[in-house]
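> got a sequence here, can you build the structure:
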Amino acid sequence: MIDDDSAVADGGEPTEPAKPRPPYSERPVARARQAKAQELIERLVAEGHVRIADPDDDEVAEWRRVVNYAKRHGLEPTGKRIEKVPYGGPGLELFLAEGPHPNARSQRPKAVGGPVAVPARLGRLHPVVAALKDDESRLVMPSALRRRSLLLLQGLAAEAVRRGYEVQKARSSFFPREGGVDVAVDGFAYTVTLRQEFPESTDLERSARLVVELAHGLTGRPGRWRDRKSRTLEEALGVILREIEARAVEDARRRQDEQQARAEREVRWQAAMGVAKEQAVREQLAQVLREEAGRWQEAAALSAYCMALERRIGELDGAVDERALDSARDWLEWARGYVTLVDPLGSGLPKMPHTREPTPEELEPYLRGLSPYGPERRAGR
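Next up, the predicted model:
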């Protein structure tokens, strides 16, 4: 008797237990990227820089992923950071720079003090909070909750200003029960919204709860804080501001990466446009050459015909009517003049042809999928 849970009830073969999926770090893609990142760091330490000549978009994207892997997993040498700059036109150069990145969290001024102070009175309000207070179409809720909401927003606004940030009128549109402000950090604005969590509840405790939301945008970071027994929203304002600062760090890094990527695309596009213009101009010259060669071949055939006609006139001299011979001689004279006009070598030497600026349509075949109208557009768009 088989005393095993893997045995099938009808006496069949035992089933294999499902194998757990390996963690990401042990998957082939992650191991390959880790190996590339480690090799990159070793080369940067040994050689000072790594240069990639003429990479395509896929290669640039892969190098960026390798660099990001090295940064995320702490592979950069202590006190160093990996930087990327264009190299030799479409190329890319990686090198180790001194110190942490200026946008790194460690480089931001640290918040001083403990929890964010929330005022007890609605006096000396920030202009944005004051405007919200006067707008009766916003924060529609019981007066006590509305007053508390305004005090919370004032505390948040005052602390944001103290840290050097800007508080602006919220760009987002709100439902009547909501109200909020925008906190701008390093050029990035984050909308903070406050509302009653359970406006329809008849339970006094539940209906008195508020909720603060930070617009998510494209991030998967936390963005909602509620009144709870373990922590009130007054105690969560510092956490909310730290989350805004963390998002600003991420957005600044993303903005820098996007700017770097745009700069790299611009360099590659300019280099590709230079090559495409050379090829398009070469095609202009080649077309002239083909036309001249065609005329030269035509002139050679016509010249041979003229020689044959001249021989025939000589053979028939005296044997045919003189008027017929005169007509043939006139035709031969005109034909030889025409040959001289057609033949590019018939009167002197041909000159170097003039070229013109290629049109976008002429450049496109040589751009390998890029657009002649700019680095941010694709061919055919």
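> wait, Ala248 sits on Ala189?
No - at 9.9 Å, Ala248 does not count as touching Ala189 under the criterion of CB atoms under 8 Å. For every residue, glycine as well, the C-beta is placed using N, CA and C.
> just want to know which of the two has more residues nearby.
The neighbour comparison of Ala248 against Ala189 (other CB atoms under 10 Å) goes to Ala248, with 22 against 19.
> not counting its neighbours along the chain, what's nearest that one?
In space, Ala248 comes closest to Val185 once its chain neighbours are excluded; the distance is 3.9 Å by CB to CB, 6 or more residues apart in numbering.
> and the lengthiest helix in the chain, how far out from the chain's middle?
Longest helix in the chain, counting residues (DSSP state H): helix 233-316. Centroid separation for helix 233-316 versus its chain: 21 Å, with CA atoms, centre = their mean, to the nearest Å.
> mind pulling up the pLDDT for the residue nearest the centre of the chain?
Using CA atoms, centre = their mean, the residue of the chain that lies closest to the mean C-alpha position is Glu258, 5.4 Å off. Looking at Glu258, its pLDDT stands at 88.
> same thing with Leu316?
Note on Leu316: pLDDT of 92.
> next, the contact list for it, please.
By CB atoms under 8 Å, 6 or more residues apart in numbering, the residues touching Leu316 are Leu325.
> quick one, helices of the stretch 101-250 of the chain?
Using DSSP state H, counting those that start in this stretch, the helices found in the stretch 101-250 of the chain span residues 127-134, 143-162, 204-207, 233-316.
> just name the most buried of those.
helix 143-162 (a mean of 20; mean count of other CB atoms under 10 Å).
> which residues touch that one?
Here helix 143-162 makes contact (CB under 8 Å, 6+ apart) with 116-120, 122, 125-126, 128-129, 132-133, 139-141, 166-167, 179-181, 183, 192, 194, 196, 208, 210, 212, 233-234, 237-238, 240-241, 244.
> could you do stretch 290-310 as well?
328, 331-332, 335-336, 338-339, 342-346, 350.
> and of the residues you listed, the nearest to Ile82?
Pro350 (56.0 Å; CB to CB).
> does the closest one touch Asp343 like I think?
No - look at Pro350 against Asp343 with CB under 8 Å: they stay out of range, at 10.3 Å.
> who has more neighbours out of these two?
Asp343 (18 against 12).
> distance check, the more buried one against Leu332.
16 Å (CB to CB, to the nearest Å).
> would you mark the buried spots in stretch 189-206?
189-197 (16 or more other CB atoms under 10 Å).
> can I get these in a markdown table with pLDDT and distance to Val50?
Formatted as a markdown table, the buried residues of stretch 189-206 follow (pLDDT from 0 to 100; distance: CB to CB, whole Å):
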| residue | pLDDT | distance to Val50 |
| --- | --- | --- |
| Ala189 | 93 | 37 |
| Tyr190 | 93 | 37 |
| Thr191 | 93 | 41 |
| Val192 | 94 | 43 |
| Thr193 | 93 | 46 |
| Leu194 | 94 | 50 |
| Arg195 | 92 | 52 |
| Gln196 | 92 | 56 |
| Glu197 | 90 | 53 |
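> list just the nearest of the residues you listed to Lys277.
Ala189 (42.2 Å).
> list the contacts of that closest one.
168, 171, 182-183.
> show me what it is bridged to.
Ala184 (DSSP bridges).
> ok, and the closest non-adjacent residue to Ser172?
Thr191 (4.8 Å).
> correct me, but the one you found touches Ile240?
No - Thr191 lies out of contact with Ile240 (CB under 8 Å); the separation is 11.9 Å.
> quick revisit: and the contacts of Ala189, which two are furthest apart?
Among the contacts of Ala189, Arg171 and Val183 lie farthest apart (CB to CB), at 11.8 Å.
> how much space separates the nearest residue to Ala280 once chain neighbours are set aside from Pro142?
Nearest non-adjacent residue to Ala280, counting by CB to CB, 6+ apart: Pro358, 3.6 Å away. Applying CB to CB, the value for Pro358 to Pro142 is 71 Å.
> of these two, who's got more company?
Using other CB under 10 Å, the more surrounded residue of Pro358 and Pro142 is Pro358, with 20 against 12.
> pretty sure the more buried one sits in a helix.
No - counting by DSSP: H, G, I helix; E, B strand; the rest coil, Pro358 is located in no helix; its state is coil.
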